[in-house]
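1. just need the structure, nothing else, for what follows:
(chains A, B, C and D)
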2 protein chains.
Amino acid sequence: MVRQPSINAQNRAPLSIERITEAALQIVDGQGLGRLTMRRLGDALEVEAMAIYHHLPRGKEQLLDGLVAHVAAAPADASAADAASWRGTLRAWAAGYRSRLLAHAGVLPLVVTRRNPAALAATVASLREVMRQGGVREEPAAVAAHALLGYVIGHAALEVRGTAEDGADRAVDWDARFTAGLDLVLAGAG
Amino acid sequence: MVRQPSINAQNRAPLSIERITEAALQIVDGQGLGRLTMRRLGDALEVEAMAIYHHLPRGKEQLLDGLVAHVAAAPADASAADAASWRGTLRAWAAGYRSRLLAHAGVLPLVVTRRNPAALAATVASLREVMRQGGVREEPAAVAAHALLGYVIGHAALEVRGTAEDGADRAVDWDARFTAGLDLVLAGAG
DNA sequence: ACCTGAACACCGTTCAAGT
DNA sequence: ACCTGAACACCGTTCAAGT
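-> Got it, this is the predicted structure:
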């Protein structure tokens, strides 16, 4: 007779890097980065905190690296770009990337820290590739790629702070402002 | 007879917010944000950690706010700008602001966090004012101000990570790249 | 192989006490 | 007014032990 799955310690879904990262992201999004502790993460996964180290030997460092990779490694799809409309491709990518950053604003400080260089490197490379296929020369493409990613990250940081404060920024239409600034950056590119 | 200053517990320079912030910044610049603890800060000031709370009632939160203010509140000098060369004024401001951010890279994650909205708000306002005096209309100036500050902060974040990694970015001339990207942003402004 | 429990060396912060 | 010392409730992480 086959054992039925039941809700006890033996039969619950086994721990995995994916489940751990997902639970961590949920804590950060819901309660903030400061409240992400190994003990609380263990509670969320219905496991003792120390069990997590079995799946992430480098501990919390590795956990945070995973969060950055999950949020910041979102390359533009160079294959979807017909050569003529590379600006449109980059505009669409920027809108999506900004959404990700704002949806996981708690991870932003980690993106800005030294952690996980690979995630951002891959993203920059994809931006350069989209431009290369659009006929932009190497050096201007490299400049524009860093300018674009820098703008998106920096503007997202300003938005997160601006929407929270009571100052002159309270009534700003951030969507419109982001798009207008994006056009500024893309207009000169190429 | 006047007592000579001497190196003991009675006669050392009294604690002050300035001395505390200075010592904290030195720890962050030298050892990283993660090693800034109240106990270590107390050691640096030759004082028990708990004495710090007498000068910063809001504790570590207030300390970090002070660091952000020290690094991120660097407005452009609108009075020094003759109307015609507002682009030059902004270029000079951007170069200086970037230097500050790179010199205190450990504080960057805090600038990106929710702390101390006033510091960045004042900086944005000064950028708008420089443009206003240059004859730029209000709405384009507001867009360009946020785009510019966003670009500078975001690019600085990429630089801090880029110079540390061994990937394709190792040989990048970041000074040149920053300036070229800055021209991209400023060219469309106004 | 995977998880637990106890333990260690730290944190930020409170509070009563000293001067 | 300004600083100290002891204490509290947390951290991340190690390690021996369980199954």
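2. which residue lies closest in space to the residue of chain A found nearest DNA strand D, excluding its sequence neighbours?
-> Nearest to DNA strand D in chain A, going by CB to the nearest atom of the strand, is A:G59, at a distance of 2.8 Å. In short, each C-beta sits where N, CA and C put it, glycine included. Residue nearest to A:G59 in three dimensions, not counting chain neighbours: A:Y53, with 6.0 Å by CB to CB, 6 or more residues apart in numbering or on different chains.
3. number of nearby residues for that neighbour?
-> A:Y53: 13 surrounding residues under other CB atoms under 10 Å in any protein chain shown.
4. isn't it up against A:E61?
-> No. Assessed by CB atoms under 8 Å, A:Y53 is found out of contact with A:E61, at 11.5 Å.
5. one step back: just say helix, strand or coil for the residue nearest to A:G59.
-> Per DSSP: H, G, I helix; E, B strand; the rest coil, the secondary structure class of A:Y53 is helix.
6. list the contacts for A:H146?
-> Shown here is A:H146, whose contacts under the criterion CB atoms under 8 Å, 6 or more residues apart in numbering or on different chains are A:V124, B:H155, B:L158, B:R177, B:G181.
7. possible to save these as TSV with secondary structure and distance to DNA strand C?
-> Below are the contacts of A:H146 laid out as TSV (DSSP: H, G, I helix; E, B strand; the rest coil; distance: CB to the nearest atom of the strand, whole Å):
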residue	secondary structure	distance to DNA strand C
A:V124	helix	34
B:H155	helix	30
B:L158	helix	28
B:R177	helix	36
B:G181	helix	36
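8. dump stretch A:66-75 to CSV, keeping only the CA atoms.
-> The C-alpha atoms that make up stretch A:66-75 are tabulated as CSV, following Å, rounded to 0.1, in the frame of the first residue of the first chain:
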residue,chain,number,x,y,z
GLY,A,66,21.0,34.2,-4.8
LEU,A,67,18.6,37.1,-4.2
VAL,A,68,20.7,39.5,-6.3
ALA,A,69,20.9,36.9,-9.1
HIS,A,70,17.2,36.4,-9.0
VAL,A,71,16.5,40.2,-9.3
ALA,A,72,19.4,41.7,-11.2
ALA,A,73,20.1,39.0,-13.8
ALA,A,74,17.5,39.9,-16.4
PRO,A,75,19.2,40.2,-19.7
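9. you'd agree A:L182 is up against A:W93?
-> No. Using CB under 8 Å, A:L182 is not in contact with A:W93; the gap is 10.5 Å.
10. skipping adjacent residues, who's closest to whichever residue of chain A sits closest to DNA strand C in space?
-> Distances from chain A to DNA strand C, computed as CB to the nearest atom of the strand, single out A:E48 as the nearest residue at 3.1 Å. Nearest residue to A:E48, sequence neighbours excluded (CB to CB, 6+ apart): A:G42, at 5.5 Å.
11. name the helix or strand for the one you found, please.
-> helix A:38-44 (DSSP states H and E).
12. packing partners of the helix or strand just after that helix?
-> Past helix A:38-44, heading to the C-terminal end, the next element that is a helix or strand (DSSP H and E) is helix A:59-72. Using 3 or more CB pairs under 8 Å, 6 or more residues apart in numbering or on different chains; DSSP states H and E as the contact test, the elements touching helix A:59-72 are helix A:17-31, helix A:38-44, helix A:108-112, helix A:117-133.
13. quick check: buried residues in helix A:59-72?
-> A:Q62, A:L63, A:L64, A:D65, A:G66, A:L67, A:V68, A:A69, A:H70, A:V71, A:A72 (16 or more other CB atoms under 10 Å in any protein chain shown).
14. and what of stretch A:88-103?
-> Per 16+ other CB under 10 Å, stretch A:88-103 contains these buried residues: A:T89, A:L90, A:R91, A:W93, A:A94, A:Y97, A:R98, A:R100, A:L101.
15. give me the pLDDT for the residue of chain A closest to DNA strand D.
-> The predicted structure scores A:G59 at 97 on the pLDDT scale.
16. and for A:G42?
-> According to the prediction, A:G42 has pLDDT 97.
17. likewise for the one 3 residues further on?
-> Predicted confidence (pLDDT) at A:L45: the value is 97.
18. quick one, what contacts the nearest residue to it once chain neighbours are set aside?
-> Of all residues not flanking A:L45 in the chain, A:A23 sits nearest, at 5.4 Å (CB to CB, 6+ apart). A:A23 makes contacts with A:L41, A:A44, A:L45, as judged by CB under 8 Å, 6+ apart.
19. what's the answer for A:G135, then?
-> A:A83, A:G190.
20. the residue of chain A closest to DNA strand C: neighbour count?
-> A:E48 has 11 neighbouring residues, counting by other CB under 10 Å.
21. okay, now the domains of chain A?
-> Described in terms of the TED database, the domain architecture of chain A consists of the residue ranges A:17-56, A:72-188.
22. now do the end-to-end distance for the shortest one.
-> This stretch, domain A:17-56, spans 7 Å end to end (CA to CA, to the nearest Å).
23. list the buried residues of it.
-> Applying a neighbour-count criterion of 16+ other CB under 10 Å, the buried positions in domain A:17-56 are A:20-21, A:23-25, A:27-28, A:33, A:36, A:38, A:41-42, A:44-45, A:47, A:52, A:55-56.
24. where does the residue of chain A found nearest chain B fall, secondary structure wise?
-> Among all residues of chain A, A:G154 sits closest to chain B, at 2.8 Å; criterion: CB to the nearest CB. For A:G154, the element it lies in under DSSP H and E is helix A:138-162.
25. just the mean pLDDT for that helix, thanks.
-> Per-region confidence: helix A:138-162 scores 96 on mean pLDDT.
26. now it: buried residues?
-> Buried residues in helix A:138-162, defined by neighbour count with 16+ other CB under 10 Å: A:141-162.
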